[in-house]
Each structure stands twice: as C-alpha cells, then as structure tokens.
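Chemist: Any chance you can model this:
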Amino acid sequence: MDATGRGRADDIDPADQWVLNPNTGEYELRLTPSGPQSGVPSPRRAAGHGAGGAVRSRTAAPERAPGRDVPAPRRRRGVPEEPLPGRRGRRPVKKKGKAKKVLLWTGGTMAFVLVAAAGGAYLYIKHLNDNITAVSDDGASTGGFSKGKAINILLIGTDKRTGKGNTKYGDSGSVGHADTTILLHVSKDRSNATALSIPRDLITDIPDCPTTQSDGTEKVIAGTENVRFNTSLGQDERTPSCVARTVTELTGITPDNFMVADFNAVKTLTTAVGGVDVCLGKDINDPDSHLNLKKGMQHIEGETALAFVRTRHAVGFGGDLSRITLQQQFLSALMRKLKSNDTLTNPAKMIKVAEAGTKALTVDSNLDSIGKLKDLGLELGKLNPKNLTFTTVPVVDNPAEKVKATVVLNESTAPAVFSAIKNDVSFTAVKAQKKKEAAAVAARLKGTKSAASEVRVQILNGGAVAGSAQAELNYLQNDEGVLKSSNAGNADAEQAKTTLEYDPDQADQARRLAAILGLSGSQMKPGKSVTNDQGLPTMTLTLGKDFPGAGESYSAATKAPDVDKTTADKVECAK
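Modeler: Have a look, this model is predicted:
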C-alpha cells in the first residue's frame, strides 16, 4: 500500500513524510524524503539567512511526484504555533490515536480471554462434579466435617477387582470387602492428625445397617456378631455406611465423612502425582501381589504401587498386620509428594490429581461436589507431615483359634487409643500444645491441696448423658468423701470439655478435686465462685461431652498411650 493510503510505503511511517515548510509555516507531504522539495529551502540555508534575509514565497507549490495527487497544503491539527526551524515534525495526534487503538484492542482481547477462561473454569468444575460418585451416608455420619472442629474421615479400601487389568489378582467375583480401613482424625487446631488402621481380620460385632436402596426405599441389613471387620462392606449387600456404623460401634467415634477407593484408585492417583518413593529393607519377590523390587529406595506408580500395597507374604510375618505397615508407608509417601512444591505449584499435575481423585474415589453424600472436596483438602493441607501419626488398633491373636487367622482387641490398650482420638489428643509432641499445657499445669495444679471433706462443689450436666451429674455426685460422696457436693441440674449450654470453675481463694479445693477426677490444668478455670442453696461459696464442675463416666479418670484422655506408631515425615523401610 502507498504512503498516501492507510498503510506504509517501504516501512516508512506516513507521519515522517509530512515536513515543515518554513515559507508557509505549515506541514506539507514529502514523498521523496531523500531529495529537497522545490521552493523549500534546506534547514541549513534558512538558519543562515536570519530573520530578514530569507526570501519567502507564499505562492510556491511543492513538487509533485509523477502520477501522484497531492492534497493542498493545510495546517495539521495539533501542530505547534511556532515550531523550531529546521526540525522535522511528527503528528502527535496520529501517534496518540494508534496507541489508543492498541490499548483498546489489548483490553478487549484480555476481557474476552478472562470471560472465556471463567467459562472454561465453570465447565471444568462441572466436569469434575460429574466425575464424582456419591452414595448415601444413611445417617451413619455426623453430617459432614466442619471448619473449626476436629475432623474424622473414614478411608475405606475395597478389594473389588473391577476395572481394567484387575481380574488377574484373583477372586474376581469379590463383592468388595473392607480390605483396608483407616480412620483419619485431624485435630481441631489442625496442628496434628492420627491415622488409625483397623485390621481387616479383627473380630468384632457389625450392627444393623439402615441402607438406602436404588429406588429410594430403606432396607435394614441385619447385623452379625463375632465376624471379621472386613465383612462390614459388601457382605449381605452392605454399603460404606455400614462400615461407618461398625467403626462407631468399635471405637466410639462417629466419622464425619467417608471415602472409598478400589484397586484403580491406587494406580491412577500414583500415576497422577508422578509416582512416590518407598523404601525396602530387603529384596521382595511376591508372585501373589506381582511385586518384584530390589532392596533400597524405589520409585513406584501404577501397577507397581498397587502391588506394593497388596503384598503381605514377603514382608514381616506374612499376614495382614504386616501389610498394614506397607500401606502406612505408602500413604506417608503419597502425602509427602502431595505436600511437595513440585506437585502443588504445577497446574498440569494438579489437574491430573483432580481428574484422578474425582474418578477414583466414591464419597458420601455430604462430599458430593468438587467445592466440598476442595474445602476438605484445604483443611487437610494445613497439616505438617511430621505431626501425622500412623498407628494400628492394638490387637492380640484370637485365643479361640488353634490356627491363628484372626485377631481381637487388646483390651488393655485399645480403649486408651480410642479415648485419645475421641478427645483430640495428639500422638505426636506438638511443641505449641505441649508448652501451653505445661504452663497451665504448672500454674493451676501445683500447690497445697485441701482435704476432700473441705471441698465444696456443685455439679452441672453440660453435655454428658442424662443422669451423669447424679452418678458423679454419688461417686464423690460415697467413694471420695467429698460430702459438701450437690447436683445443680443442667447447665445453660452444652460444652465439649468438662470444666471446673473456682475462685482463686478456692485453689486448694480445686487442686484436690482435680487430683481426684484426673482433670488437666486446661480444664481448671479460675474465675468467680457461686453460692449454693445454703448461701455458701461453691465451685462449679460442669460435665462436658468428654465425661468418661462416674468414677472414671479424665487423665486417661489427656495423654496418648504408648503404642507402635510412625509419622508421615519419616521414610520407613519395609522388612
């Protein structure tokens, strides 16, 4: 396109072809910038003649290029009134207009991109929602996790062989039992968590399970006594909600939510994160699980990862308890990988994880959207792996069997484990918690203690089961000699923790009662005393939901028992 059009000629800006004619004081088009125009003195000559020596002609016309129609000279809008002689002028207006057009075009494009991206994000979120398979919790859960409260998630691994390539593992007709079950407890302050493995061969009672059928009706699946825990799923058409009810029956802890994963979940999730690193203390060649790996650190994913979590004959004592340690090591490695910057800051990997996770997991009806799963993930993401403890329900060999194949609860230690988790007690030494508790104990529990006969206290029920205040009163009066005690009925509101409120002048009485009940320093609340029916000052003991029962010590629920455990930040080698 030529220079008089809308484009450029020979890469020359059209604005550069308009030059000042000192004779007219106006800008004129110069089509051949290398040659002087007729009637237009060069800048050097014009400058040399001075103000009075220049011959000015207002009738001189610019030289026309052959075949070109040149517009009449005219003053360009925006040109200075008195331009400096000898300087070639540009057209600022034209330049500004071009810049403005570029800005408008860029802004419009960016707006379009943002709208398109927002639409794409919506479609992708809808796509992820469509991936999710949700089943009814049948009233077996709390109704879903809550921010600001402790979280209990039930993770169920089923041995169902559906999916490409999974029939080769044998028992292809399995209905899918609860082959691997972990109760994940996340503390209220998110400073620590405990992953409690429940052996599949644990003999327990399975309660009746009200179950929602495909047509929306409800069917109660009858419970059974003294059977393997893994039959709480699949057997007699039991659903994941039956596993949740069985866990509650066993531990006293009601799950907030549950997730179910099959063989494919292990393969797809490990592939999505690019594999995980595990350690073997010896060479393993297990033909049953198809695991064949050398001693040392190994990178596993897909089929190899599935073989790793399934193997048992080649490690430990060759049973399910030995396999549990492998599964805990695998989950530790997976968490370390998910927490690593390489995964969390890589959009491509995060999309793969989202795709794999939403396709591989079946969740309860309270986790039926990507938004809810995202919120749960954000809560779990606050954890530091070093404060995630893996442990197993304490068990012993089943004494009723000659050939040992199943296990039963270790009644001396299992209740303490359940109590610690139920009462949000950390199995790891979280420094901030430890310092806070130590300070409270030092300030409130140390010092003189009055005699039990001098302790005056009223008891309120603030969340314990009905009748607890009277039962505790009977225990204090009949067994501990706290005769100046009374039942004051129900508290104004329920509370999670039991508290003892007292006036500082009653500190010696408070310390005696705390010693009797096993109260911690954090449960003691210096404040104001109240008066009883006789008009005498009295302390107030409010029984919370953590009330262990009349005569039972609270101290059992303030310190985690000494059990075998590992933490997620450490690499344990399978042996």
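Chemist: and residue 151, how many neighbours does it have?
Modeler: 22 (other Cβ atoms under 10 Å). All C-beta spots, glycine's among them, are computed from the backbone N, C-alpha and C.
Chemist: let me fix that: residue 149
Modeler: Using other Cβ under 10 Å, residue 149 has 15 neighbouring residues.
Chemist: From what I see, it and residue 190 are in contact.
Modeler: No - proximity of residue 149 to residue 190 does not meet the contact threshold set by Cβ atoms under 8 Å, at 10.6 Å.
Chemist: Assign residue 356 to helix, strand or coil.
Modeler: helix (DSSP: H, G, I helix; E, B strand; the rest coil).
Chemist: contacting residues around it?
Modeler: 265, 268-269, 271-272 (Cβ atoms under 8 Å, 6 or more residues apart in numbering).
Chemist: What subset of those residues is buried?
Modeler: 265, 268-269, 272 (16 or more other Cβ atoms under 10 Å).
Chemist: Return the subset of these lying in helices.
Modeler: 265, 268-269, 272 (DSSP state H).
Chemist: which one among the residues you listed gets closest to residue 141?
Modeler: residue 265 (20.4 Å; Cβ to Cβ).
Chemist: what's the nearest residue to that closest one if we skip its chain neighbours?
Modeler: residue 360 (3.6 Å; Cβ to Cβ, 6 or more residues apart in numbering).
Chemist: Residue 306 too?
Modeler: Nearest one to residue 306, counting by Cβ to Cβ, 6+ apart, is residue 266 at 4.7 Å.
Chemist: Where does pLDDT dip in the stretch 401-550 of the chain?
Modeler: 429-442 (pLDDT under 70).
Chemist: if we go to 90?
Modeler: 401-405, 412, 416, 420, 423, 425-447, 496, 504, 518-535 (pLDDT under 90).
Chemist: my guess is residue 383 meets residue 186, correct?
Modeler: Yes - with contacts counted by Cβ under 8 Å, residue 383 reaches residue 186, the gap being 6.8 Å.
Chemist: who's more crowded, those two?
Modeler: Between residue 383 and residue 186, counting by other Cβ under 10 Å, residue 186 is the more crowded of the two (25 against 18).
Chemist: Save the ones in helices among the buried ones among the contacts of residue 356 as a markdown table, and put in distance to residue 228 and pLDDT too.
Modeler: Shown next, in a markdown table, are those (distance: Cβ to Cβ, whole Å; pLDDT from 0 to 100):
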| residue | distance to residue 228 | pLDDT |
| --- | --- | --- |
| 265 | 22 | 82 |
| 268 | 28 | 85 |
| 269 | 27 | 83 |
| 272 | 32 | 82 |
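Chemist: tell me which of these is nearest to residue 426?
Modeler: Ranked by distance to residue 426 (Cβ to Cβ), these are led by residue 269 at 27.4 Å.
Chemist: can you tell me which residues contact that closest one?
Modeler: Applying Cβ under 8 Å, 6+ apart, the residues contacting residue 269 are 334, 353, 356-357, 360.
Chemist: Please tell me how far it sits from residue 260.
Modeler: With distances taken as Cβ to Cβ, to the nearest Å, residue 269 is found 13 Å from residue 260.
Chemist: dump the residue contacts of the nearest residue to residue 291 once chain neighbours are set aside.
Modeler: Leaving aside its sequence neighbours, residue 291 sits nearest to residue 307 (Cβ to Cβ, 6+ apart; 3.8 Å). Contacts for residue 307 (Cβ under 8 Å, 6+ apart) come out as 286, 289-291.
Chemist: try 10 Å this time
Modeler: The neighbourhood of residue 307, defined by Cβ atoms under 10 Å, 6 or more residues apart in numbering, consists of 169, 266-267, 284, 286, 288-293, 300.
Chemist: Give the buried subset of those residues as a ChimeraX selection command.
Modeler: Selecting only the buried entries of these in ChimeraX, with 16+ other Cβ under 10 Å as the criterion:
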select :169,266,267,284,286,289,291,293,300
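Chemist: Looking at the contacts of residue 307, point me to the pair that's furthest apart.
Modeler: Of all pairs in those, the most separated under Cβ to Cβ is 267 and 284 at 18.7 Å.
Chemist: Excluding sequence neighbours, find me the nearest residue to residue 184.
Modeler: residue 153 (4.5 Å).
Chemist: partners of the helix or strand where the one you found lies, with directions?
Modeler: Per DSSP states H and E, residue 153 falls inside strand 151-158. Sheet pairing for strand 151-158, assigned by DSSP bridges, gives strand 178-186 (antiparallel), strand 257-261 (parallel).
Chemist: Convert it to PDB, retaining C-alpha atoms only.
Modeler: Output of strand 151-158 as PDB, limited to C-alpha atoms (Å, rounded to 0.1, in the frame of the first residue of the first chain):
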ATOM      1  CA  ILE A 151     -12.400 -33.900  61.600                       C
ATOM      2  CA  ASN A 152     -12.800 -37.600  61.400                       C
ATOM      3  CA  ILE A 153     -12.600 -39.100  57.900                       C
ATOM      4  CA  LEU A 154     -13.100 -42.800  57.200                       C
ATOM      5  CA  LEU A 155     -10.900 -44.100  54.400                       C
ATOM      6  CA  ILE A 156     -12.100 -47.500  53.000                       C
ATOM      7  CA  GLY A 157     -10.000 -49.500  50.600                       C
ATOM      8  CA  THR A 158     -12.000 -52.300  48.900                       C
END
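Chemist: Show me whatever sits in contact with both of residue 383 and residue 186.
Modeler: 192-193.
Chemist: Could you pull out the helices in this protein for me?
Modeler: 43-53, 92-131, 240-251, 263-272, 302-310, 320-339, 341-344, 347-360, 370-380, 414-422, 431-444, 468-479, 507-517.
Chemist: so residue 482 makes contact with residue 458?
Modeler: No - Residue 482 lies out of contact with residue 458 (Cβ atoms under 10 Å); the separation is 11.4 Å.
Chemist: Give the intersection of the neighbour lists for the two.
Modeler: Common neighbours of residue 482 and residue 458, using Cβ under 10 Å, 6+ apart, are residue 473.
Chemist: in the stretch 451-575 of the chain, which spans are strands?
Modeler: Using DSSP state E, counting those that start in this stretch, the strands of the stretch 451-575 of the chain run over 456-461, 484-490, 499-502, 524-526, 530-531, 537-543, 565-567, 573-574.
Chemist: Quick one: closest of these to residue 325.
Modeler: strand 573-574 (6.8 Å).
Chemist: what is the mean pLDDT for that closest one?
Modeler: Taken as a whole, strand 573-574 has an average pLDDT of 73.
Chemist: thought residue 310 was touching residue 320?
Modeler: No - using Cβ under 10 Å as the test, residue 310 is too far from residue 320 to be in contact (11.1 Å).
Chemist: Mind listing the shared neighbours of these two?
Modeler: Common neighbours of residue 310 and residue 320 (Cβ under 10 Å, 6+ apart) are 179-180, 327.
Chemist: Looking at those residues, spot the one nearest residue 237.
Modeler: Once Cβ to Cβ is applied, the member of the shared contacts of residue 310 and residue 320 that ends up nearest residue 237 is residue 179, at 17.3 Å.
Chemist: one step back: shared neighbours of residue 269 and residue 260, anything?
Modeler: 360-361.
Chemist: and this structure, what are its domains?
Modeler: 15-90, 92-131, 134-427, 432-557 (automatic domain parsing).
Chemist: quick one: which of these is nearest residue 566?
Modeler: domain 134-427 (5.0 Å).
Chemist: Please identify which of the contacts of residue 269 is nearest to residue 478.
Modeler: Closest to residue 478, out of all of the contacts of residue 269 and judged by Cβ to Cβ, is residue 334, at 53.5 Å.
Chemist: Dump the strands of the stretch 451-575 of the chain into CSV; add distance to residue 418 as well.
Modeler: Compiled in CSV, the strands of the stretch 451-575 of the chain are given as follows (distance: least, Cβ to Cβ, whole Å):
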stretch, distance to residue 418
strand 456-461, 23
strand 484-490, 27
strand 499-502, 23
strand 524-526, 25
strand 530-531, 35
strand 537-543, 20
strand 565-567, 15
strand 573-574, 27
